[in-house]
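In: all I have is the shape, not the residue letters:
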């Protein structure tokens with residue numbers, strides 16, 4: 001009996017989309033599904049050695065515009081003709097893949113090429129992994145939304161609009177076991193984290209700090225390392241950046257499977273991507289969060305981490321001060337998650353929902 005085939009489409013610009021999709025893929029593979037995947041850039045490197053992927057296809061990478069190393073919505077708009085050309089080529093690639101393979105579902109994360117097949121007859125189910133609806137809702141609650149993120153907030157609203165209309169269903173991971181009732185097209189799940197991450201007994205002291213900044217084009221500078229004093233009995237590991245290692249700092253460059261580094265860390269220094277903060281929440285790791293500037297989701301995620309008591313918001317200029325502040329009050333931040341542990345089964349719930357949806361066919365397409 002042949003296996004049910006599904007196709008994942010994963011935005012490969014950073015690594016957060018790849019890590020959470022890999023967790024769902026692991027669960028679906030265990031349920032007996034055959035899985036193909038199309039991605040780009042970092043995603044291709046992340047998945048190229050996966051034994052869960054039957055066939056790996058490539059897309060052209062769509063990127064944000066930037067100015068002085070920061071996200072620029074204006075630059076992105078000016079790049080639109082070039083980006084639109086790549087988008088059309090990706091739509092053609094997708095239609096070619098679908099013409100040669102019979103999939104029961106297409107599962108996509110932060111990719112929009114599926115719009116080219118939405119109104120095709122006998123198309124596969126379309127299931128998205130996306131939390132723009134939650135980000136937009138959180139932004140609306142805030143009266144202090146900075147001016148510098150308002151233009152990117154418009155993109156989040158467009159993203160939310162797209163996911164309300166194009167996919168048949170949306171899988172929406174949320175922080176802190178938010179008690180949101182599932183909507184007709186939306187399935188809420190706990191945070192989705194990868195296999196190989198371990199919730200360990202909490203330590204009273206800090207021996208390892210992990211600096212793990214974004215794998216995308218907007219990863220923060222690590223100039224703050226030069227201002228850190230010598231920290232006795234504390235090892236600082238830096239992945240995603242190159243540099244000269246010494247007695248205190250160890251540079252590892254690009255690391256795609258970084259679970260062991262995260263498991264060993266007592267404090268994480270990260271950008272405010274949803275996947276990175278999700279893993280910190282579930283593993284109960286205190287975090288220094290450096291949000292990517294001019295980015296609405298990173299603004300919301302970083303403030304939720306700080307308001308929850310287990311994180312501090314920093315900039316790439318003052319992260320050294322925030323690290324010292326957390327070291328001086330480590331027990332407070334370490335204990336902040338003690339009474340509200342999140343379940344680590346978001347991937348299992350998402351995969352079960354996908355499988356049930358495919359099997360039931362209870363959708364009009």
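Out: Sure thing, it's come through. Not measured: the values here are computed from a predicted model.
In: tell me the contacts of residue 6?
Out: Listed by Cβ atoms under 8 Å, 6 or more residues apart in numbering, the contact set of residue 6 reads 28, 33-36, 103-107, 124, 354, 358. All C-beta atoms are positioned from the backbone trio N, CA, C, and that covers glycine.
In: partners of it in the sheet?
Out: Here residue 6 sits in beta bridges with residue 35, residue 105, going by DSSP bridges.
In: quick one: which of the contacts of residue 6 is nearest residue 135?
Out: Checking the contacts of residue 6 against residue 135 by Cβ to Cβ gives residue 107 as the nearest, at 20.3 Å.
In: who are the packing partners of the one helix or strand that closest one maps to?
Out: Counting by DSSP states H and E, the element that carries residue 107 is strand 105-109. Judged by 3 or more Cβ pairs under 8 Å, 6 or more residues apart in numbering; DSSP states H and E, strand 105-109 is in contact with strand 5-10, helix 16-30, strand 125-129, helix 346-360.
In: what sits up against the second one?
Out: So the one you mean is helix 16-30. Helix 16-30 is contacted from outside by 6, 8, 10-12, 35, 37, 39, 42-43, 46-47, 50, 52-53, 107, 109-110, 129, 173, 192-195, 273-276, 278-279, 346-348, 350-352, 354-355, using Cβ under 8 Å, 6+ apart.
In: following the strand or helix carrying residue 297, which helix or strand comes up?
Out: Using DSSP H and E, residue 297 sits in helix 296-307. Downstream of helix 296-307, the first helix or strand assigned by DSSP H and E is strand 311-313.
In: average pLDDT across the helix or strand following that following strand?
Out: As assigned by DSSP H and E, the chain's next helix or strand after strand 311-313 is helix 319-328. Averaged across helix 319-328, pLDDT comes to 96.
In: residues in contact with helix 319-328?
Out: Where contact means Cβ under 8 Å, 6+ apart, the residues beyond helix 319-328 that reach it are 206, 209, 224-225, 227-229, 231, 234, 267, 269, 286, 288, 290, 312-314, 333.
In: same deal with stretch 298-316?
Out: 135, 138-139, 145-146, 149, 175-176, 220-224, 269, 271-274, 277, 280-281, 284-292, 321-322, 325-326, 332-333, 336-337.
In: endpoints of that stretch, how far apart?
Out: By Cα to Cα, to the nearest Å, the extent of stretch 298-316 from end to end equals 14 Å.
In: can you check stretch 28-39 too?
Out: Counting by Cα to Cα, you get 18 Å between the two ends of stretch 28-39.
In: do the same with stretch 4-14
Out: With Cα to Cα as the measure, stretch 4-14 spans 29 Å from end to end.
In: tell me the buried residues in that stretch?
Out: Within stretch 4-14, the residues that count as buried by 16 or more other Cβ atoms under 10 Å are 4, 5, 6, 7, 8, 9, 10, 11, 12, 13, 14.
In: which parts of the stretch 101-250 of the chain are strands?
Out: Using DSSP state E, counting those that start in this stretch, the strands of the stretch 101-250 of the chain run over 105-109, 125-129, 169-173, 186-189, 208-212, 235-239, 249-253.
In: any regions of this structure where pLDDT drops low?
Out: Scanning the chain for pLDDT under 70 picks out 1, 62-80, 176-179, 200-202, 214-220, 337-342, 362-365.
In: any chance of the helices and strands packed on strand 105-109 in CSV with distance to residue 308 as columns?
Out: As requested, those are arranged in CSV below (distance: least, Cβ to Cβ, whole Å):
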stretch, distance to residue 308
strand 5-10, 28
helix 16-30, 19
strand 125-129, 23
helix 346-360, 17
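In: on that earlier part again, out of the strands of the stretch 101-250 of the chain, which is the most enclosed?
Out: With neighbours taken as mean count of other Cβ atoms under 10 Å, the strands of the stretch 101-250 of the chain reach their highest mean count in strand 105-109, at a mean of 25.
In: report the angle between that one and strand 125-129.
Out: 20 degrees (axes from the mean of the first three to the mean of the last three Cα atoms, to 10 degrees).
In: what distance separates strand 105-109 from the middle of the whole chain?
Out: 15 Å (Cα atoms, centre = their mean, to the nearest Å).
In: same question, stretch 167-183
Out: Here stretch 167-183 is found 15 Å from its chain centre; the criterion is Cα atoms, centre = their mean.
In: contact partners of that stretch?
Out: For stretch 167-183, contacts defined as Cβ under 8 Å, 6+ apart pick out 20, 108, 114, 125-131, 133-134, 163-164, 185-192, 274, 277-278, 281, 304, 308, 340, 342-343, 346, 350, 353-354, 357, 363, 365.
In: any of those buried? List them.
Out: Burial by neighbour count, judged by 16+ other Cβ under 10 Å, picks out 20, 108, 114, 125-131, 133-134, 163, 186-192, 274, 277-278, 281, 304, 308, 342, 346, 350, 353-354, 357 from the contacts of stretch 167-183.
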